[in-house]
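Participant: Structure for the following, please:
(one chain, ligands or ions: 1)
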Amino acid sequence: MTETTSPRAALETNGFVGPFPRFASEDTIGELREFFRDVLDNQPTHPLYNRYSVRDWHLVNEKVRELLTAPELVKSVQEATGADSLVLWRSKLFEKFPGDGAIDWHQEYGYFDGEEIGGHRPALFPMNPSGQWSWTLWLPLTDVSDDDGVMEFVKGSQRTSYPKRMVSLTESGAYVDPRNRIKSKEELLTRAKNNSLILDIDTRRVFDGVDPDRHSLDDLFDLLTEHCANLLAVVTEPFEVGPDDTQTMPMKAGEYIIFTERCMHRSRASKPDARLRLAVNARYTLGDTWVYPQRATGDTFDGSNLDISGHKCIPLLGEGFNQANAYL
Ligand SMILES: [Fe+2]
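Facilitator: Below is the predicted model:
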């Protein structure tokens, strides 16, 4: 962001803006880093979702909530988007271990239906679908360089809808092969059972009827891959991109960027000798957006296989909040 460009103009032109300076103390960022490291290591049952999940810890942990609803941050989002009312409706931890692959190029128009993993349940129902109603904030809890999972954007791509197609989940950019992370059969089976193996994928029944003593770890991974290869997901068709068309966003821990998910973006792979990269994102929508409309029909699962019956939005700014939503 140059000094002559306002955040609003930058977001409008490029589809992303930042980094904005860190507002939380180093201690706070350090504490949150420890908290999420612990979530990753111990995979606790999420009190809201009754299974392991890296989503919406801001509804459980006060420190996370304070960070993602901080006045400094709400001010940045308001200034960059021009929105006169805002709610926080989702957050998520994004971890990238040394050697993890990229989350490949993708854009999301603003319905968050889980199409990247074959889902089709819109999470947001905007009152004015011809406008903008959704923005994402991405805040790393570790320093991020070009070598350890940096975010990258195609400048101005939010105005174009890129062609997509259905592929097997294992060919999708959203699929991160867990082989790099799992060291034993026991760990593989436990994590499959509590859905902490592959982001958003329900793996609880993958090893049903399989006797682990009769298979090697590699065999079990092959079974998992076979299962995932039979699931469908949406991916972006390969496209031409010039060296000056994209921008990476190396950042210090606690800095943050704001973007529209309509802007084509990815997180690059991490080098094998890189550090663990931890980041949280927060998703904000206009106050009048209907969040999780499927709840009205008694369907309490979202596109990422989470039971959202206990989910709540947090009002941040303005008035006229959608009466159909649950609020904290
Ligand atoms: Fe994304």
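
Participant: now the strands: where do they sit in this protein?
Facilitator: Secondary structure of the chain (DSSP state E): strands at 16-20, 86-96, 103-106, 124-125, 134-140, 151-154, 164-168, 232-236, 246-248, 256-259, 265-267, 277-285, 290-291, 314-317.

Participant: Out of those, flag the one nearest residue 47.
Facilitator: For residue 47, the closest of these is strand 86-96, at 14.8 Å, according to C-beta to C-beta. (C-beta placed from N, C-alpha, C; glycine too.)

Participant: Next, the angle from the closest one to strand 134-140.
Facilitator: Angle, strand 86-96 to strand 134-140, by axes from the mean of the first three to the mean of the last three C-alpha atoms, to 10 degrees: 40 degrees.

Participant: and strand 86-96, what other elements does it pack with?
Facilitator: On a contact count with 3 or more C-beta pairs under 8 Å, 6 or more residues apart in numbering; DSSP states H and E, strand 86-96 meets helix 26-42, helix 62-68, helix 71-81, strand 277-285, strand 314-317.

Participant: out of those, which comes closest to residue 20?
Facilitator: With C-beta to C-beta as the yardstick, what comes closest out of these is helix 71-81 (5.1 Å).

Participant: counting contacts, what elements does the closest one pack onto?
Facilitator: Counting contacts by 3+ C-beta pairs under 8 Å, 6+ apart, helix 71-81 packs against helix 7-14, strand 86-96, strand 134-140, strand 256-259, strand 314-317.

Participant: Give me the distance from that helix to the chain's centre.
Facilitator: Helix 71-81 sits 20 Å away from the centroid of its parent chain (C-alpha atoms, centre = their mean, to the nearest Å).

Participant: State the pLDDT value of residue 4.
Facilitator: Listed pLDDT for residue 4 reads 67.

Participant: hang on, residue 305 packs against residue 200?
Facilitator: Yes - in this structure, residue 305 is within contact of residue 200 by C-beta atoms under 8 Å, at 6.3 Å.

Participant: hang on, the earlier thing: most tightly surrounded among the helices and strands packed on strand 86-96?
Facilitator: strand 277-285 (a mean of 23; mean count of other C-beta atoms under 10 Å).

Participant: Measure how that one sits relative to strand 86-96, angle-wise.
Facilitator: Using the same axes, to 10 degrees: strand 277-285 against strand 86-96 is 160 degrees.

Participant: Let me know the angle separating strand 277-285 from helix 71-81.
Facilitator: Using the same axes, to 10 degrees: strand 277-285 against helix 71-81 is 60 degrees.

Participant: show me where pLDDT drops low in the chain?
Facilitator: 1-4 (pLDDT under 70).

Participant: residues touching the residue nearest the centre of it, list them.
Facilitator: Nearest to the mean C-alpha position of the chain, counting by C-alpha atoms, centre = their mean, stands residue 92 at 5.1 Å. The neighbours of residue 92, taking C-beta atoms under 8 Å, 6 or more residues apart in numbering as the test, are 54, 55, 56, 280, 281.

Participant: go on, residue 258?
Facilitator: 7, 11, 16-18, 20, 76-77, 80-81, 135-137.
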